[in-house]
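Asker: Got a predicted structure here, sequence first:
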Protein chains: 2
Amino acid sequence: MKKTEGGVTAAKGFFAAAAAAGIKYKDRMDMAMLYSDVPCVAAGTFTTNVVKAAPVLWDQRLVAESDFAQAVVVNAGIANACTGKEGMDYCERTVEKAAEVLNIPSHAVFVASTGVIGNQLPIDRICAGVEALGKKLSDDLAGGHDAALAIMTTDTHEKEVAVQFEAEGGVVTVGGMCKGSGMIHPNMCTMLSFVTTDMAISKELLQEALSEDVKDTYNMVSVDGDTSTNDTCLVLANGKAGNKKVLEKNEDYNKFKQALNYVNENLAKMMAGDGEGATALFEVKVVHAEDKEQAVALSKSVVSSNLTKAAIYGHDANWGRILCALGYSGVQFDPEKVDLFFESEADRIQIMKDGVAANYSEEKATKILSQKEVRAIVDMKMGEASATAWGCDLTYDYVKINADYRS
Amino acid sequence: MKKTEGGVTAAKGFFAAAAAAGIKYKDRMDMAMLYSDVPCVAAGTFTTNVVKAAPVLWDQRLVAESDFAQAVVVNAGIANACTGKEGMDYCERTVEKAAEVLNIPSHAVFVASTGVIGNQLPIDRICAGVEALGKKLSDDLAGGHDAALAIMTTDTHEKEVAVQFEAEGGVVTVGGMCKGSGMIHPNMCTMLSFVTTDMAISKELLQEALSEDVKDTYNMVSVDGDTSTNDTCLVLANGKAGNKKVLEKNEDYNKFKQALNYVNENLAKMMAGDGEGATALFEVKVVHAEDKEQAVALSKSVVSSNLTKAAIYGHDANWGRILCALGYSGVQFDPEKVDLFFESEADRIQIMKDGVAANYSEEKATKILSQKEVRAIVDMKMGEASATAWGCDLTYDYVKINADYRS
């Protein structure tokens, strides 16, 4: 497996485009289209929030009932959530317009929206946007790059990644893009994420690979504890790599899972590091937990703790907050067995030994906590399970961005 | 029942004092002592955090095993949490010193600490503080007021309240003080709270009344989602009111429960309104839920949502975030039935009707959201249960306070 250039148009047969449709923002691209020139099998995971946006309801039905898919229409600015029947109607009109423009059936078109909850989409501008996008579709890397830019809301940069590996009969590419900065606390998959691959693979195995992988990637990210109404992760596989179609869990399936994990994990980390107002990516690795479920609960509890996140922003080795967050995670453990380390790319320091302060240098701890990527490693000394969660620091800018998001 | 002056020394026979012991802060009172001149029955509720501070472990044992109590020693600045055997030893030395100074058994002395986790107490200064406190004990209201000031950490003001009611045989007073501003997300009771009463009541009924009441008061407060290691709520009853001792759930018991609820709810609301960095008290009332458990989960999910809290700070009627937070509470409901109102003391406005935006004035909504006390009322239209939760807005100052709390 090797990293390659680009994002959603890195794999063969995928096209993308972006347009400034004037949904909410001025003078910036705010709609994107993704298209495969041959039918794809599709897999998806969606928000567990009881309040689901109209496009989530549409996509869920499509993943469940449609044999193939060929396009995705995305808009930023308005989430089309809490919009009732009118919102669902606009969703369907978007899909029908795209089906007409691309000359494909409407049940082959996904939609996704992100932005303010509760406002209705300006459907005329959406339809005009779809028309413009249809004419601009391009299979070069720039097309994918533009799409990654267009789907951003409070994101400060686009997020895309791609890898390649050799399968029996052909080289397979897996590439993706995502957006996500606030209202991020996963439960299923979080934010909008689109992954494309030219792998030939059955729909069932594609869904299984995705469903397993989101648990270790998107579901381990938290920016602010708020699970969005619009979380959507879609994977489209069009088979153009020419590989021997994967119909069972063979070596190629495992290679694909590795590639998918690489793409998803990288997108998830980009999202955490670009959390609203964030100055640092905060990674929490829990090792030697009794079981996976326990390791997940512990690592997510720490990465979601406001107090811990504020301390990371202050470069303050206030390790008591980490132990406190472990303590309210719901997991039973002996506090007097826990070890804690802080780590940056260059340095590592033991902060806590057997539940009490280790003899460490505050100066060195502060230096480690001042890096762009900070890792806390928690050793529970209970078993063999581990998990990693990703988040970011809590800053003035998070408050600023969200105190008046709608204006 | 009528409100009266003072706090923990409002009831007969209770004495308090404060001292500047130099635990962590300079030039301010940071230790308090509470004392009854006759033995009390005592009830307590404590943090559910697996990581429990040494004083919590001590007090839990005392409530369970000791027939009576007579004093409480409190320090601010250092939490004596995650301090291992040394911390437990310091706890015992504090208690022994107080027992000696007050000439009472050590199993009649509670301790409570609040402040930085992980540091050891300066035990010599603590013992000197206990000695000074013993000499200053006073049963006037000023003694209780000083104690309420001394137990503060990042609190911006002291918190005390008292009420009186007539019971058979005597007038009963219930008064209390608490501190709490950050690391506040209850699970049992949160923060440090001390309530005194001269009611004659059995230990069993005192504990039952408290355990029931914390569910509707302290457990409904959230400042930041972080459940502390030190949460402690103690009630001492010394019987000096001369009322006919309450041994069953009679009318006097019910009057006492009302008084206790008044004291606890007021202290809880003061704490929420004085949440770290807060500019407003944010109250979330959920009505017409199917059952109490559901109403509690829904109201706490909204009051704990960072995004909602940041919107309150921005006086922004971003109601989608409230519906979103209801949606990830774990409760199943139909979003298309939910109504939402914002309310201040003077005004009320309907923001959402049947899950979509009502036709409301943004100007009026902003005016309501600019008040010092803001209430959101959520009507689920499912049943007859309701619950109220209290929190505060999320501000720059919360981040500032917590980015470098230890310095």
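Answerer: All right, it came through fine. Computed from a predicted structure; not experimentally measured.

Asker: Looking at chain A, which strand is longest?
Answerer: strand A:31-46 (DSSP state E).

Asker: Residue of the stretch 251-400 of chain A closest to chain B, please.
Answerer: A:Gly320 (2.4 Å; C-beta to the nearest C-beta). (C-beta placed from N, C-alpha, C; glycine too.)

Asker: Give me the number of neighbouring residues for that residue.
Answerer: 27 (other C-beta atoms under 10 Å in any protein chain shown).

Asker: Now it. Nearest residue, chain neighbours left out?
Answerer: Nearest residue to A:Gly320 in three dimensions, chain neighbours excluded: B:Ile117, at 2.4 Å (C-beta to C-beta, 6 or more residues apart in numbering or on different chains).

Asker: Tell me who's in contact with the one you found.
Answerer: A:318-321, A:323-324, B:53, B:79, B:81-82, B:229 (C-beta atoms under 8 Å, 6 or more residues apart in numbering or on different chains).

Asker: and the stretch 1-150 of chain A, which of its residues are near chain B?
Answerer: Counting by C-beta under 8 Å from any C-beta of the partner chain, the residues of the stretch 1-150 of chain A lying close to chain B are A:48-52, A:79, A:81-84, A:86, A:116-119.

Asker: Could you list the buried residues of the helix or strand where the residue of the stretch 251-400 of chain A closest to chain B lies?
Answerer: If you go by DSSP states H and E, A:Gly320 is part of helix A:319-327. Residues of helix A:319-327 classed as buried by neighbour count (16 or more other C-beta atoms under 10 Å in any protein chain shown): A:319-327.

Asker: what's the next secondary structure element after it?
Answerer: Next along from helix A:319-327, by DSSP H and E: strand A:339-343.

Asker: Hey, what's the angle from that next one to helix A:319-327? Just curious.
Answerer: 120 degrees (axes from the mean of the first three to the mean of the last three C-alpha atoms, to 10 degrees).

Asker: show me what contacts A:Thr232?
Answerer: A:44-47, A:55-56, A:59, A:112, A:189, A:191-193.

Asker: tell me which of these is nearest to A:Glu212?
Answerer: A:Thr45 (10.2 Å; C-beta to C-beta).

Asker: Pull the number of nearby residues for that closest one.
Answerer: For A:Thr45, using other C-beta under 10 Å, the count is 25.

Asker: Okay, and the beta partners of A:Ala289?
Answerer: A:Ala385 (DSSP bridges).

Asker: Domains of chain A: list them as residue ranges, please.
Answerer: Chain A is divided into the following domains under automatic domain parsing: A:2-273, A:281-403.

Asker: a markdown table please, covering the ones you listed and showing mean pLDDT.
Answerer: Shown next, in a markdown table, are the domains of chain A (pLDDT from 0 to 100):
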| stretch | mean pLDDT |
| --- | --- |
| domain A:2-273 | 89 |
| domain A:281-403 | 90 |
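
Asker: can I assume A:Tyr90 sits in a helix?
Answerer: Yes. According to DSSP: H, G, I helix; E, B strand; the rest coil, A:Tyr90 belongs to a helix.

Asker: tell me the phi and psi of A:Asp334?
Answerer: phi -100, psi 110 (degrees, to the nearest 10).

Asker: excluding its backbone neighbours, what's nearest it?
Answerer: A:Gly355 (7.8 Å).

Asker: hang on, the earlier thing: who touches the helix or strand following the longest strand of chain A?
Answerer: Per DSSP H and E, the first helix or strand lying C-terminal to strand A:31-46 is helix A:54-65. The contact list for helix A:54-65 (C-beta under 8 Å, 6+ apart) reads A:42-44, A:46-47, A:52, A:69, A:80-81, A:83, A:87-88, A:90-92, A:95, A:107, A:110-113, A:207, A:229-232, A:234.

Asker: What residues of helix A:54-65 count as buried?
Answerer: Neighbour-count burial for helix A:54-65 flags A:54-56, A:58-60, A:62-63 (criterion: 16+ other C-beta under 10 Å).

Asker: Output that helix as PDB - backbone C-alpha positions only.
Answerer: In PDB, the C-alpha atoms belonging to helix A:54-65 read as follows (Å, rounded to 0.1, in the frame of the first residue of the first chain):
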ATOM      1  CA  ALA A  54     -33.700  14.900   5.100                       C
ATOM      2  CA  PRO A  55     -30.700  13.900   3.000                       C
ATOM      3  CA  VAL A  56     -29.700  11.300   5.700                       C
ATOM      4  CA  LEU A  57     -33.100   9.700   5.400                       C
ATOM      5  CA  TRP A  58     -32.900   9.700   1.600                       C
ATOM      6  CA  ASP A  59     -29.400   8.200   1.600                       C
ATOM      7  CA  GLN A  60     -30.200   5.500   4.200                       C
ATOM      8  CA  ARG A  61     -33.000   4.300   2.000                       C
ATOM      9  CA  LEU A  62     -30.800   4.300  -1.000                       C
ATOM     10  CA  VAL A  63     -28.000   2.300   0.600                       C
ATOM     11  CA  ALA A  64     -30.600  -0.200   1.800                       C
ATOM     12  CA  GLU A  65     -32.800  -0.600  -1.300                       C
END
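
Asker: quick one: that helix to chain centroid distance?
Answerer: With C-alpha atoms, centre = their mean, to the nearest Å as the basis, helix A:54-65 stands 18 Å off its chain's centre.

Asker: tilt between it and strand A:31-46?
Answerer: Using the same axes, to 10 degrees: helix A:54-65 against strand A:31-46 is 60 degrees.

Asker: With adjacent residues omitted, what lies nearest to A:Asp354?
Answerer: The shortest distance from A:Asp354 to any residue other than its chain neighbours is 5.7 Å, reached at A:Glu336 (C-beta to C-beta, 6+ apart).

Asker: Contact partners for the one you found?
Answerer: With the criterion set at C-beta under 8 Å, 6+ apart, A:Glu336 makes contact with A:354-356, B:84.

Asker: now swap in A:Ala237 and tell me
Answerer: A:40-43, A:196-201, A:206.

Asker: Please name the bridge partners of it.
Answerer: Beta-bridge partners of A:Ala237, as defined by DSSP bridges: A:Val41, A:Thr197.

Asker: Kindly provide the distance from it to chain B.
Answerer: 30 Å (C-beta to the nearest C-beta, to the nearest Å).

Asker: would you list every one of the helices in chain A?
Answerer: A:54-65, A:84-102, A:123-136, A:141-150, A:203-216, A:251-273, A:292-303, A:306-313, A:319-327, A:362-369, A:396-403 (DSSP state H).

Asker: quick one, which of those helices is nearest to A:Met380?
Answerer: That would be helix A:292-303 among those, by C-beta to C-beta, at 7.1 Å.

Asker: elements contacting that closest one?
Answerer: strand A:281-289, helix A:319-327, strand A:373-379, strand A:385-392 (3 or more C-beta pairs under 8 Å, 6 or more residues apart in numbering or on different chains; DSSP states H and E).

Asker: any chance of the ones you listed in TSV, plus distance to A:Leu34?
Answerer: Compiled in TSV, those are given as follows (distance: least, C-beta to C-beta, whole Å):
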stretch	distance to A:Leu34
strand A:281-289	27
helix A:319-327	38
strand A:373-379	30
strand A:385-392	25
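
Asker: tell me the angle of the helix holding A:Gly320 relative to strand A:373-379?
Answerer: 60 degrees.

Asker: Give me the contacts around helix A:319-327.
Answerer: By C-beta under 8 Å, 6+ apart, helix A:319-327 touches A:298, A:301-302, A:304-305, A:307-308, A:311, A:333, A:335, A:338, A:340, A:351-352, A:355, A:357, A:376, A:378, B:49-52, B:79, B:81-82, B:116-118, B:183, B:226-229.
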